[in-house]
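Asker: Fold the stuff below for me.
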Amino acid sequence: MKRGIGVYIGPKEVIAASVSLSQGVPSLERFAIEPFEEAEKSQASGPKEKDKSNKPAKKELTREAQAVKRALEKIGAQRMRVTAAFNPFHLVTRYFEIPSIPRKEWGNAIRYEASRYIPFKISETVVDFKVNEGVSRETNAKILCVTSAAVKIETLRSYVNHIRSSSAKVDTIEPLFLALSRAVALGEKLEAEKTYGFLFLDDDGSVNVTLSRSGITYLSRDFLLSDDPKANETRFYEELKVSIDFVQQKTSSDKIEKVFISGSGDLPFWSDFLTSVFGKQITFQPALFPVKQVVPSNMLSKLIIPIGLALRGLKHKSPLGDFTLLPPAEREERPEKIRRLVGYEFLAVALVFIILRFAVLEPYAAYVQKQVVSAMGPQAKSAPFLVGLSVTELQQMKDEVRKQANQLNQFSKERLAFVERLKALTQKIPRAIWLEHFTYGPASKGESKMEAGKPLSKSLVLQGQCYTASPEEDVKTINQWAKD
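Answerer: Purely as a prediction, here's the structure:
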């Protein structure tokens with residue numbers, strides 16, 4: 001059974017989920033939520049006694065790494081490959097349009113254009129992007145609609161190290177809104193040519209707003225809530241209103257189909273509040289994922305992100321496209337991928353060898369053999385297979401033939417000697433004797449015991465009848481024949 005592991009590292013806690021795939025249907029298997037813990041009080045009680053051994057001191061895990069380790073242990077995913085995400089406040093997502101250019105020029109041109117919108121040095125940043133080809137509404141010219149996501153390399157490495165130091169392997173890291181949309185898409189059909197929103201509230205008061213249409217992410221931005229509930233209501237409304245206006249201006253649409261809410265905090269309150277201020281023109285509903293277990297709705301809203309991350313490990317696509325914020329230099333190759341590549345290389349080498357052998361080597365060898373046979377004269381043509389043998393092999397074959405010839409000669413001599421004896425017996429046999437049976441071969445065990453190294457003697461045994469007037473005459477006739 002295939003498993004996908006998703007890990008979300010938030011500002012105050014780590015949320016991990018294991019999703020299994022059975023008969024093509026994903027289901028939540030196990031999950032864990034682990035808050036960050038401060039250093040143990042025992043460390044503050046006084047200096048520890050120095051370790052007099054020469055063993056190197058173990059590196060202390062960060063509180064984030066400790067929380068990741070505990071969460072993965074609870075879901076039974078130690079040392080497994082995970083897909084991860086972190087608080088989107090560390091991420092910059094921008095949408096822009098550029099004139100259509102050949103695909104081979106996308107990489108350099110888009111990175112250059114993205115550097116104008118990213119508030120970091122491009123040399124210190126990991127950038128990934130998704131491109132959709134479209135048409136400008138003003139000029140009807142072909143354009144590229146680009147959504148880019150960027151994060152500082154230093155920030156990315158710190159989160160990667162949190163996971164790797166907990167003995168897990170990082171498959172990839174992606175923006176949070178991709179995981180959210182991927183999980184929602186399993187239970188909700190996101191139609192083309194309609195605009196959808198995704199809201200994520202984290203436990204530190206940060207809010208991420210993402211709006212997309214036809215698979216294009218036009219906006220993904222963040223803001224912070226304060227401790228003042230009334231001010232938060234105003235802030236929430238204003239930030240969401242500005243975001244919606246921006247996307248409607250970009251897409252020339254006047255309606256947001258649905259906005260899915262997930263994360264921590266009082267989500268039912270925010271859903272009711274936003275419904276009241278925006279009216280029926282927008283539907284606000286919690287982001288859900290079909291589960292078999294009984295999971296409280298507030299808990300499921302937290303789990304929706306790691307569930308979406310785990311689904312990527314099971315090869316589920318996000319309706320907003322799949323970004324990756326882990327550059328090739330930081331990735332760990334999958335063992336199965338390495339084995340597959342080695343297998344392909346082996347097959348390629350084997351195929352080249354087979355073609356080389358049957359198309360080149362064997363025809364050339366046949367040609368060389370033909371030339372050698374022709375040069376050696378008509379004797380070689382009678383046995384061309386001898387041409388390719390070495391001198392040693394020919395000598396061995398000669399010895400074997402000689403041995404077999406000697407055996408045949410010996411058998412022939414014994415056969416001729418036996419024939420002469422039979423002729424002598426038949427020429428002098430009396431008329432009164434009638435032979436019924438005779439044998440010729442080694443003497444029986446009881447009759448001959450030969451010395452070591454000497455050949456066994458052979459005997460001729462005759463059986464038959466003698467027809468005379470009396471037994472005395474029979475004996476006399478037989479003895480006389482034996483003497484002759």
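Asker: that's a helix at residue 426, yeah?
Answerer: Yes: if the criterion is DSSP: H, G, I helix; E, B strand; the rest coil, then residue 426 is within a helix.
Asker: What's the local residue count around it?
Answerer: Using other Cβ atoms under 10 Å, residue 426 is surrounded by 9 other residues. Backbone N, C-alpha and C define where each C-beta goes, glycine included.
Asker: and what of residue 283?
Answerer: Per other Cβ under 10 Å, the neighbour tally for residue 283 reads 14.
Asker: Could you double-check that it sits in contact with residue 261?
Answerer: No: the pair residue 283 / residue 261 is not scored as a contact, 10.8 Å apart, by Cβ atoms under 8 Å.
Asker: can I see the domain layout of the protein?
Answerer: Listed by automatic domain parsing, the domain ranges of the chain are 2-37+61-332, 429-483.
Asker: Compute the first-to-last residue distance for the shortest one.
Answerer: Right, domain 429-483. 11 Å (Cα to Cα, to the nearest Å).
Asker: The nearest residue to residue 434 once chain neighbours are set aside: which element?
Answerer: Excluding the flanking residues, the one nearest residue 434 by Cβ to Cβ, 6 or more residues apart in numbering is residue 465, at 4.8 Å. Using DSSP states H and E, residue 465 sits within strand 458-466.
Asker: what sits against residue 462?
Answerer: Going by Cβ atoms under 8 Å, 6 or more residues apart in numbering, residue 462 touches 425, 435, 437, 438.
Asker: Can you tell me which of those residues has the most neighbours?
Answerer: Most surrounded of the contacts of residue 462: other Cβ under 10 Å gives residue 425, at 15 neighbours.
Asker: Model confidence score at it, please.
Answerer: Residue 425 carries a pLDDT value of 73.
Asker: Same check on the one 4 residues further on?
Answerer: The predicted local confidence for residue 429 comes out at a pLDDT of 78.
Asker: buried ones in stretch 178-198?
Answerer: By 16 or more other Cβ atoms under 10 Å, the buried positions in stretch 178-198 come out as 178-186, 188, 190, 195-198.
Asker: err, stretch 419-438, not the other one
Answerer: residue 433.
Asker: ends of it, how far apart?
Answerer: Stretch 419-438: ends 14 Å apart by Cα to Cα.
Asker: so which helix or strand takes in residue 8?
Answerer: Assigned by DSSP H and E, residue 8 belongs to strand 2-9.
Asker: Quick one: mean pLDDT over that strand.
Answerer: Mean pLDDT, strand 2-9: 94.
Asker: quick one: buried residues of the host helix or strand of residue 307?
Answerer: Here residue 307, judged by DSSP H and E, is contained in helix 297-313. By 16+ other Cβ under 10 Å, the buried positions in helix 297-313 come out as 300-313.
Asker: on that earlier part again, parallel or antiparallel, list what pairs with the strand holding residue 465.
Answerer: Applying DSSP bridges, strand 458-466 is found paired with strand 433-442 (antiparallel).
Asker: Now do the strand it pairs with: distance to the chain's middle.
Answerer: 80 Å (Cα atoms, centre = their mean, to the nearest Å).
Asker: repeat for stretch 182-196
Answerer: From the chain centre to the centre of stretch 182-196 is a distance of 30 Å (Cα atoms, centre = their mean).
Asker: that's a strand at residue 412, yeah?
Answerer: No: under three-state DSSP, residue 412 falls outside any strand and is assigned helix.
Asker: which residues touch it?
Answerer: Applying Cβ under 8 Å, 6+ apart, no residues contact residue 412.
Asker: I'd like the distance between it and residue 405.
Answerer: 10 Å (Cβ to Cβ, to the nearest Å).
Asker: Model confidence for residue 484, exactly?
Answerer: Reported pLDDT at residue 484 in the predicted model: 68.
Asker: swap in residue 365?
Answerer: At residue 365, the model reports a pLDDT of 77.
Asker: after the strand holding residue 8, next one along is what?
Answerer: Downstream of strand 2-9 (by DSSP H and E), the next one is strand 13-22.
Asker: Next secondary structure element downstream of that following strand?
Answerer: strand 25-35.
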